[in-house]
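Chemist: Here's a sequence, model it:
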Amino acid sequence: QVQLVESGGGLVQAGGSLRLSCAGSGNIFGINDMRWYRQAPGKQRELVAQITSRGSTNYADSVKGRFTISRDNAKNTVYLQMNSLKPEDTADYYCNADVRWSGTYGRYREVWGQGTLVTVSS
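Modeler: As a prediction, the model looks like this:
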């Protein structure tokens, strides 16, 4: 069974930093795009950042210049470095990836992590 497990969430003051990690486990053959989403209370889930297998990145306008997505392909892990955090960044953060494993018969399937809570106090 393939899983994505996030870590690194917590409580931080405005202006502070956090680094989220998301590690894939199981019999993974390959991972294509990896993404971070977030969902604040009462709001829809939104895409925060995306990184391709070759390292190309895209960011939501609200986090450009403050957040950095990166990945370690050897560890099947994606990171989100969050700097200059604001109270409006408070949300559950989820990682998401297109993963290929023995049970997908050569196809990439979308896998979600369980989420990690980030709370930014003012």
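
Chemist: right, and residue 48 touches residue 38 too?
Modeler: Yes. Using C-beta atoms under 8 Å, residue 48 is in contact with residue 38, at 5.3 Å. Bear in mind the C-beta positions are built from the backbone N, C-alpha and C, glycine included.

Chemist: Mutual contacts of those two, please.
Modeler: By C-beta atoms under 8 Å, 6 or more residues apart in numbering, residue 48 and residue 38 have these common neighbours: residue 93.

Chemist: mind listing the strands in the chain by residue range?
Modeler: Counting by DSSP state E, the chain has strands at residues 3-7, 10-13, 18-25, 28-39, 46-51, 57-59, 67-72, 77-82, 91-101, 109-112, 116-121.

Chemist: Show me what the fourth one packs onto, helices and strands only.
Modeler: Which is strand 28-39. On a contact count with 3 or more C-beta pairs under 8 Å, 6 or more residues apart in numbering; DSSP states H and E, strand 28-39 meets strand 18-25, strand 46-51, strand 67-72, strand 77-82, strand 91-101.

Chemist: Next, the buried residues of it.
Modeler: 28, 31, 33-38 (16 or more other C-beta atoms under 10 Å).

Chemist: Just the closest of the residues you listed to residue 81, please.
Modeler: Closest approach between the buried residues of strand 28-39 and residue 81, by C-beta to C-beta: residue 36, at 10.7 Å.

Chemist: I'd like the distance between the closest one and residue 82.
Modeler: Look at residue 36 and residue 82: by C-beta to C-beta, to the nearest Å, they are 9 Å apart.

Chemist: got a list of what the residue most central in space within the chain touches?
Modeler: Nearest residue to the geometric centre of the chain (C-alpha atoms, centre = their mean): residue 36, 3.0 Å. Residue 36 makes contact with 20, 22, 47-50, 69, 78, 80, 93-96, according to C-beta under 8 Å, 6+ apart.
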